[in-house]
Structures are given as structure tokens and as C-alpha cells.
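Engineer: task: produce atomic coordinates for the following.
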Amino acid sequence: MPFSSRCLLLLALTATGAARGADLLLPPVSGQLSGKFQPLQLPNAPELSWTLVLASPGGDRRTGELVAEGPGTRLRVQLDLDAAGNGTWRIVEGRVELKAWLNGQLTAGRAEVAGQGTWRDGDVNGDITAQLREVDLGELARFADHEQAYVRSAEGRVEGVVGVRLRHGAVSAGESRLALPA
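Structural biologist: Okay, the predicted model is just below:
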């Protein structure tokens with residue numbers, strides 16, 4: 001889920017020409033690109049249709065909006081870049097049905113995704129959070145501990161926030177809080 005957001009962001013920035021290199025300038029382009037995307041590192045993840053709309057509102061600013069949709073998924077990311085391809089990104093809409101992304105290992109639950117960060121000289125930095133709702137605790141325990149080394153059984157629903165940090169393109173765990181709702 002957050003990984004796919006990172007992949008789509010990288011795809012958007014690559015498509016706009018924002019790549020490493022001090023000599024590269026992003027021309028004042030306007031238009032639309034679209035295609036299909038299959039997250040390769042997530043087995044059986046759904047294929048996403050994506051559209052990237054680019055605009056040049058004037059000066060050295062470049063803006064863009066990436067929309068990705070597929071089974072159980074809608075993601076919208078806004079980009080604000082300078083002529084060198086550096087700037088900011090922000091997830092303004094993100095909805096993921098977990099069953100579609102986790103190979104049916106979770107049969108219920110959804111995540112509202114939010115995040116923002118920067119893109120500078122090819123490095124992606126930022127924070128992404130997924131607000132989980134209606135996740136089955138037993139399924140989550142089996143997903144996280146499929147050999148039952150730590151959890152033998154669990155019941156109920158769990159909700160909360162799972163965070164991910166992006167630093168220089170590397171993904172690490174962010175602040176997370178899960179709880180059983182009353």
C-alpha cells in the first residue's frame with residue numbers, strides 16, 4: 001500500500017523528467033500521459049490505470065496531478081516542481097481496500113492513505129500514513145506472523161494508523177498505532 005504510493009510517485013516524477021542530474025531542466029510542458037502499472041514486488045497486486053496531467057502555470061513552476069485507480073484503489077497525488085524537477089508531492093486522496101492488495105489474506109478492511117514530502121535531485125523524502133479501519137485482528141495476526149511464532153490466535157477488529165517514512169528513496173517504518181475499538 002504505502003510502497004505502491006511510492007512507486008506511483010516515482011513513476012510520476014520520472015514521467016515528468018525529474019531525474020538526477022544538475023544540468024537537466026524540465027521544460028514547460030502541459031498535457032496528459034496515461035498507462036497501466038503493475039506493482040512487481042507485491043504478488044497478485046491489482047493492476048492500476050494511471051493518468052498524469054502536467055501544467056506550466058508560469059515562471060519556472062511545473063505542476064502535475066497523478067491519479068491511479070484499480071480494483072479497490074484510488075490514489076491522487078499533486079506535484080509542484082521547479083524547472084530542475086525538484087519540488088513537493090502530496091497525496092490528496094487515497095483509498096485502498098486491503099483484500100485487493102494482500103492476496104486475499106485480509107478479507108476485510110480498508111485504508112485511507114495520506115502523505116507528503118519532497119523530491120530533490122532524484123531523492124524522495126516524506127511521510128505516508130495509512131488509517132486502517134475494520135481490519136480483522138485474527139487475519140492481521142496470521143498475515144504478520146504466518147508461522148504463529150508469536151500469536152496463536154486473536155479475535156476482533158483493529159483500527160489505527162500505520163506510518164511509513166521515505167528517506168533518500170529508502171522505505172522504513174514510521175509511527176504506528178493500532179487498537180481494538182470499543
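
Engineer: CA atoms for contacts and neighbours, from now on please.
Structural biologist: Will do.

Engineer: now do the helices in this protein.
Structural biologist: Remark: helices assigned in the chain by DSSP state H are 2-15, 98-101, 137-144.

Engineer: now the longest one: average pLDDT?
Structural biologist: To tie it back to what came earlier, the one meant is helix 2-15. Computed over helix 2-15, the mean pLDDT rounds to 49.

Engineer: quick check: phi and psi at the residue sitting furthest away from the middle of the chain.
Structural biologist: Ranked by distance from the centre of the chain (Cα atoms, centre = their mean), the top residue is Arg152, with 31.3 Å. For Arg152, the backbone dihedrals (degrees, to the nearest 10) come out as phi -90, psi -40.

Engineer: now do the contacts for it.
Structural biologist: By Cα atoms under 8 Å, 6 or more residues apart in numbering, the contact set of Arg152 is empty.

Engineer: so it versus His146, what's the distance?
Structural biologist: Taking Cα to Cα, to the nearest Å as the measure, Arg152 falls 10 Å from His146.

Engineer: with Leu180 instead?
Structural biologist: 21 Å.

Engineer: kindly report the same for Arg177.
Structural biologist: Distance from Arg177 to His146, by Cα to Cα: 21 Å.

Engineer: lowest-scoring secondary structure element of the chain by mean pLDDT?
Structural biologist: Every helix and strand of the chain was ranked by mean pLDDT, DSSP states H and E. The lowest is helix 2-15, at a mean of 49.

Engineer: tell me where the model's unsure across this structure.
Structural biologist: 1-26, 40 (pLDDT under 70).

Engineer: mind checking how far the residue farthest from the centre of the chain is from Arg142?
Structural biologist: For Arg152, the distance to Arg142 - Cα to Cα - is 9 Å.

Engineer: sheet partners, orientation included, of the lengthiest strand in the chain?
Structural biologist: Counting residues, the longest strand found in the chain (DSSP state E) is strand 123-136. Take DSSP bridges as the rule and strand 123-136 pairs in its sheet with strand 110-120 (antiparallel), strand 157-167 (antiparallel).

Engineer: give me whichever of the ones you listed is most buried.
Structural biologist: strand 110-120 (a mean of 21; mean count of other Cα atoms under 10 Å).

Engineer: so how far is stretch 48-58 off the chain centroid?
Structural biologist: 17 Å (Cα atoms, centre = their mean, to the nearest Å).

Engineer: so for that stretch, what gets flagged as buried?
Structural biologist: 48-56 (16 or more other Cα atoms under 10 Å).

Engineer: repeat for stretch 87-99
Structural biologist: Here stretch 87-99 shows 87-91, 94-99 as buried, counting by 16+ other Cα under 10 Å.
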